[in-house]
Structures are given as C-alpha cells and as structure tokens.
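Colleague: 3D model of this:
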Amino acid sequence: MSNALRLITSILNYFHDKLVLLTHSLGLHLNDKQLHFLVIGLLGIVLFLVVHKLFKYLVRYSLTAISFIYTFTVLVVLVFAIEIEQKLTGRGNMEFQDIVEGLWGFLVAFILYLIFRCVACWLKKLFGNQSILR
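Modeller: Here you go, the predicted model:
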C-alpha cells in the first residue's frame, strides 16, 4: 500500500512540477491555491460532463447501474480514507489488500441483491400480480 501511495504521489508531483513550469513559462505566476482552483475546477467540470453523459445514457436502461456506480465510488474513497487513517493513527495496518477485500464484500453483497431482485421479478411473472412479494 505504501508503495502504491508513493507511486501515486510521485506521478502527481511530476505533473504538479510540469504545470508550475508551464504556467511560469506562459508568464502566469500563480500561487498554489490558484493552481488548485484552476486544475480541480477544470478537472471537475470535464469529469462532470463525462459522468453526466454516461448517466444520461444509463438512466434509459437502469437507475440501479447509476446507484451502483455512485455507491462504489463513495466506497472507494471511504476505504482509502480508512486505510490512510489507520496509517496516521497507528490503529491498525494500512494494507492494500484490506481495500480490495472491502470492495469485494460490497460486490458480493450487490450480486446477492441482484439475484434476489431477479428471483423476485421471476416469481412475480410466474404468479402474476398476486400479493406474494408485497
């Protein structure tokens, strides 16, 4: 996990340094806060446009798919935050495998949920509109 964080950090630092050099060469002497404002603002709006287009497409077929993507994204952030908190506080071991296992737990639970929904839908079709599942 530490190696993965170091790799991510070095990649981010590389792009940060290149961006600072680029802005200085363009005559823009932006401070760190201004760079964060611009980069995260631009990255956020591009991400929003891509996600909005994807969700608009998906909503025609399944709101469940959108709910899954949103939930999975929140869980990824949450499990990373938990592992980082364990590293900072020393109350547990920061391990990448913990992240993987936690997300697998959600995927298995979601698959069980889908199976339940499929069985319920099948039973509803099989028995018609009777009140078996209400």
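Colleague: make it CA atoms for all contacts and neighbour counts henceforth
Modeller: Will do.
Colleague: If I look at the residue nearest the centre of the chain, what pLDDT would I see?
Modeller: The chain has Thr73 as the residue nearest its centroid, 2.4 Å off, counting by Cα atoms, centre = their mean. At Thr73, the model reports a pLDDT of 95.
Colleague: Pull up the gap between it and Leu114, please.
Modeller: Note on Thr73: its distance to Leu114, by Cα to Cα, to the nearest Å, is 19 Å.
Colleague: Which parts of the host helix or strand of Tyr14 count as buried, going by neighbours?
Modeller: Element membership of Tyr14 [criterion: DSSP states H and E] is helix 2-25. By neighbour count on 16 or more other Cα atoms under 10 Å, the buried set for helix 2-25 is 16, 20.
Colleague: Quick one: mean pLDDT for that helix?
Modeller: Per-residue scores along helix 2-25 average to 83.
Colleague: who does the helix or strand of the chain with the lowest mean pLDDT touch, helix- and strand-wise?
Modeller: None of the helices or strands of the chain scores lower by mean pLDDT, DSSP states H and E than helix 2-25, at a mean of 83. If you count contacts as 3 or more Cα pairs under 8 Å, 6 or more residues apart in numbering; DSSP states H and E, helix 2-25 packs onto no helix or strand.
Colleague: Give the next helix or strand downstream of it.
Modeller: Using DSSP H and E, the helix or strand that follows helix 2-25 towards the C-terminus is helix 32-59.
Colleague: quick one: buried residues of that next one?
Modeller: Neighbour-count burial for helix 32-59 [16+ other Cα under 10 Å]: 35, 55.
Colleague: Remind me what the helix or strand hosting Tyr113 packs against, helices and strands.
Modeller: Secondary structure from DSSP H and E places Tyr113 in helix 96-127. Other helices and strands packing on helix 96-127, by 3+ Cα pairs under 8 Å, 6+ apart, are helix 63-89.
Colleague: between the helix it packs on and helix 96-127, how many degrees?
Modeller: 160 degrees (axes from the mean of the first three to the mean of the last three Cα atoms, to 10 degrees).
Colleague: chain center to helix 63-89: distance?
Modeller: From the chain centre to the centre of helix 63-89 is a distance of 6 Å (Cα atoms, centre = their mean, to the nearest Å).
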